[in-house]
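Visitor: Here is a sequence together with a model predicted from it:
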Amino acid sequence: MSPTRQQRNLAAFEMMSPTEAGVVLAAAGALQRAAEAGKIQPLLRGKNLGLLCETDEGDAALLRRAAMELGAHVAHIRPSLSELSTAQQVRHTARMLGRLYDAVECQGMAATLVQQMGVDAGVPVYDGVACDGHPTAKLAQLLGGDASPADKRRFVLQAVLLGTIG
């Protein structure tokens, strides 16, 4: 049985099948065409995204823009969890974040910590989905059109967000 959108954790995004990659690219292409035509719709209106990272610049700003352009609210949260946190602290924090947000993006956190949060949060938990080293960056390079590389990244991020919380 395949996981539902709510259960899917994109920490293992590298394991995306070619079919799934094609679906993300097709959605990103549709978003790109809509943006070029000036017809961006607030498809994530009413959704809340938690952004756990130290700074709200760079990769975090890219994700914030991608989500906000689709109508989502984005809250920047400085992470207080570390690899030294107890399992109970991680579980409690993940459950609380899952009640407050429709998805959570973690940047600069240990992969094992993000994975545990993904188990307990009950909402999609991304592991640096907007970061340069994430497979979504490579996927964005496959997106056609004349858009800048940054815009292509944004469209792929928007497709991922719509596919998991939309």
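Guide: All right, it came through fine.

Visitor: Quick check: longest helix in the protein by residues?
Guide: helix 18-36 (DSSP state H).

Visitor: elements contacting that helix?
Guide: If contacts are counted by 3 or more CB pairs under 8 Å, 6 or more residues apart in numbering; DSSP states H and E, helix 18-36 sits against helix 135-141, helix 149-165. Quick note: C-beta positions are derived from backbone N, CA and C, even for glycine.

Visitor: Would you mind getting the angle between that helix and helix 149-165?
Guide: 120 degrees (axes from the mean of the first three to the mean of the last three CA atoms, to 10 degrees).

Visitor: tell me which residues in helix 18-36 are buried?
Guide: For helix 18-36, the neighbour count (16 or more other CB atoms under 10 Å) marks 21, 24-25, 27-29, 31-32, 35 as buried.

Visitor: do the same with stretch 107-117
Guide: Result for stretch 107-117 [16+ other CB under 10 Å]: buried residues 107, 109, 113-114, 116-117.

Visitor: What of stretch 63-79?
Guide: Buried-residue list, stretch 63-79, by 16+ other CB under 10 Å: 63-67, 69-70, 72, 74, 77, 79.

Visitor: distance between that stretch and the chain's centre?
Guide: Relative to its parent chain, stretch 63-79 has a centroid offset of 10 Å by CA atoms, centre = their mean, to the nearest Å.

Visitor: for the record, mean pLDDT for it?
Guide: Stretch 63-79 shows an average pLDDT of 96 in the prediction.

Visitor: Only the C-alpha atoms, please, for it, written as CSV.
Guide: Presented in CSV, the C-alpha positions along stretch 63-79 are these (Å, rounded to 0.1, in the frame of the first residue of the first chain):
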residue,chain,number,x,y,z
LEU,A,63,10.9,28.1,-0.2
ARG,A,64,9.1,31.0,1.5
ARG,A,65,8.6,32.7,-1.9
ALA,A,66,7.4,29.5,-3.6
ALA,A,67,4.8,28.8,-0.9
MET,A,68,3.6,32.4,-0.4
GLU,A,69,3.1,32.9,-4.2
LEU,A,70,0.6,30.0,-3.9
GLY,A,71,-1.2,31.6,-1.0
ALA,A,72,0.4,29.7,1.9
HIS,A,73,1.4,31.2,5.2
VAL,A,74,5.0,30.5,6.2
ALA,A,75,6.4,30.7,9.7
HIS,A,76,10.1,30.9,10.4
ILE,A,77,11.0,28.8,13.4
ARG,A,78,14.5,28.6,14.9
PRO,A,79,15.1,24.9,15.6
